[in-house]
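Asks: No letters, just coordinates:
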């Protein structure tokens, strides 16, 4: 193998010791894995421009430290560095260097203590993955997507999808979204008002970059989407939390002086509450009175199977104050990372420029494939099947959750795929629930990062029914109830002993 290191001939440290120090650090950092063969002394000396004796002396020193060893008639090989933890001290970093880097990293300084909702990386390997906002593996229309990808990649359009589109997206996808998708939500937009994003979260980031500032205030629902909170915290001087009740986010004087208000009115995250019509009108009126913008995150619009869904805020406001965000993630696949923004033309134009400085444009081939998928009617057919399945899943889950977990508070409005649960009365924390469930092959998710007050949020967890087969919902909830039975008995016993 080739091994390139830099030697400083002006350094007070000799060439042999520089080689020893740098190779030792590479072994410790696992850049050089155990059993990796090192270059021969002759080749290494030629590469470094030093005498072969210098390399031999360095390798001998490394061998003495048990970092490398020699195989007769083969050469030098790396030993297992995990057996020699002292190697980290061979080339220590200056103490002030790390802290200096941290001080310059605004993002890390402002958001490093903010958590997000976590789930096991291998959640799909669990028997009952009640994860939220994911799709079941067997529901993705693989053959249709492959056909659309084949059409998008035809040689005639090679110059289109293989070229740099500068800061622009493809008109084909924007037109399909404006004519086939947005009207279903009561949003009537055009190419001057619509922009492609890499998911709604990308849209939140772009809007926050444009509207944020050290002396500006953002407002987010409480509880609310923790990833949005993390973005707002990094972009604004102050983030306020706005209480959520049975009608959605409360509209009051706390919104005064805000520059941006982030809200999920159609399906509040994570309570699943739908904002009332009067509250929607009040929020739009407050935006006019207090002069702030609204990010409307319609993250679950494609999965809403209610016969009459409320109109989005953007349909109630013609003053350009609402930035509407949605995506194809929940209905099709989160991994595609395709979303869209609809806003006032001047805002969209600036947002497109900001997006361009980050990534130039979303992948053209992905856009063309998605545009073909929508144009040929595959997306609408897929959504129709998904909506039928989602309604069936929700009814099964709602029935069995209330039957098998009678002591739990359950929030999960009709029209969605997620449920929010807690058992504060018994003092059962979400972390206890998650650990007990995982032991039985069940995945549910803590949502404490959604709350401004961790002491309140630590009792809540959520359960989603979009990612596992319909037939597994009932037995999965039954297994969850069984796994939590000892927690309920334990807490009840403690409660009785305290009262007695």
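Replies: On my side now, so go ahead. Not measured: the values here are computed from a predicted model.

Asks: Excluding sequence neighbours, find me the nearest residue to residue 244.
Replies: Spatial nearest neighbour of residue 244, excluding adjacent residues (Cβ to Cβ, 6 or more residues apart in numbering): residue 221 at 5.2 Å. Using the backbone N, CA and C atoms, a C-beta is placed for each residue, glycine as well.

Asks: how about the strand or helix carrying the one you found: buried residues?
Replies: Take DSSP states H and E as the rule and residue 221 turns out to sit in strand 213-222. Across strand 213-222, burial judged by 16 or more other Cβ atoms under 10 Å covers 216, 217, 218, 219, 220, 221, 222.

Asks: which element follows it toward the C-terminus?
Replies: helix 226-235.

Asks: Report the inter-axis angle for that following helix versus strand 213-222.
Replies: With axes from the mean of the first three to the mean of the last three Cα atoms, to 10 degrees applied, the angle from helix 226-235 to strand 213-222 works out at 160 degrees.

Asks: contacts for the helix or strand that helix 226-235 is followed by?
Replies: Proceeding N to C from helix 226-235, the next assigned helix or strand is strand 236-245, under DSSP H and E. The contact list for strand 236-245 (Cβ atoms under 8 Å, 6 or more residues apart in numbering) reads 208, 212-224, 229, 232-233, 249-250, 254-255, 258-261, 268, 271, 273, 452.

Asks: Okay, residue 275 and residue 269: tell me how far apart.
Replies: 12 Å (Cβ to Cβ, to the nearest Å).

Asks: Between these two, tell me which one has more neighbours.
Replies: Comparing residue 275 with residue 269 by neighbour count (other Cβ atoms under 10 Å), the higher total belongs to residue 269, at 27 against 23.

Asks: gap between the more buried one and residue 193?
Replies: 25 Å.

Asks: My read is that residue 454 contacts residue 447, right?
Replies: No: contact status for residue 454 versus residue 447: not in contact, 11.1 Å apart, counting by Cβ atoms under 8 Å.

Asks: between those two, who's got more neighbours?
Replies: A direct count of neighbours by other Cβ under 10 Å for residue 454 and residue 447 places residue 447 higher, at 25 against 10.

Asks: Need phi/psi at that one.
Replies: Backbone torsions for residue 447, taken as degrees, to the nearest 10, come to phi -120, psi 20.

Asks: Please parse the chain into its domains.
Replies: 15-92, 123-132+381-499, 141-376 (automatic domain parsing).

Asks: a markdown table for those domains, including distance to residue 2 and mean pLDDT?
Replies: Converted to a markdown table, the domains of the chain look like this (distance: least, Cβ to Cβ, whole Å; pLDDT from 0 to 100):
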| stretch | distance to residue 2 | mean pLDDT |
| --- | --- | --- |
| domain 15-92 | 7 | 82 |
| domain 123-132+381-499 | 38 | 88 |
| domain 141-376 | 33 | 90 |
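
Asks: Put together a markdown table for these, with distance to residue 4 on each row.
Replies: Formatted as a markdown table, those follow (distance: least, Cβ to Cβ, whole Å):
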| stretch | distance to residue 4 |
| --- | --- |
| domain 15-92 | 7 |
| domain 123-132+381-499 | 40 |
| domain 141-376 | 31 |
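
Asks: Residue 3: which of those domains is closest?
Replies: domain 15-92 (5.4 Å; Cβ to Cβ).

Asks: Distance from that closest one to the middle of the chain?
Replies: 41 Å (Cα atoms, centre = their mean, to the nearest Å).

Asks: Next: stretch 228-245.
Replies: 17 Å.

Asks: In it, which residues are buried?
Replies: 228-236, 239-242, 244.

Asks: Could you do stretch 430-447 as well?
Replies: Applying 16+ other Cβ under 10 Å to stretch 430-447 flags 430, 432, 433, 434, 436, 437, 442, 443, 444, 445, 446, 447 as buried.

Asks: cool, and stretch 29-47?
Replies: So for stretch 29-47, counting by 16+ other Cβ under 10 Å, buried means 32, 38, 39, 41, 44, 45.

Asks: try stretch 460-470
Replies: 460, 461, 462, 463, 464, 465, 466, 467, 468.

Asks: so can I have CSV of those showing secondary structure and distance to residue 13?
Replies: Shown next, in CSV, are the buried residues of stretch 460-470 (DSSP: H, G, I helix; E, B strand; the rest coil; distance: Cβ to Cβ, whole Å):
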residue, secondary structure, distance to residue 13
460, strand, 56
461, strand, 55
462, strand, 56
463, strand, 59
464, strand, 57
465, coil, 62
466, coil, 59
467, coil, 56
468, coil, 59
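
Asks: could I get these as CSV with distance to residue 324?
Replies: What follows is the buried residues of stretch 460-470, written out as CSV (distance: Cβ to Cβ, whole Å):
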residue, distance to residue 324
460, 28
461, 30
462, 25
463, 28
464, 24
465, 27
466, 23
467, 26
468, 31
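
Asks: mind checking the SS state of the residue nearest to residue 11 when sequence neighbours are not counted?
Replies: Computed as Cβ to Cβ, 6+ apart, the closest residue to residue 11 that is not its neighbour in sequence is residue 18, at 6.6 Å. The local conformation at residue 18, judged by DSSP: H, G, I helix; E, B strand; the rest coil, is helix.
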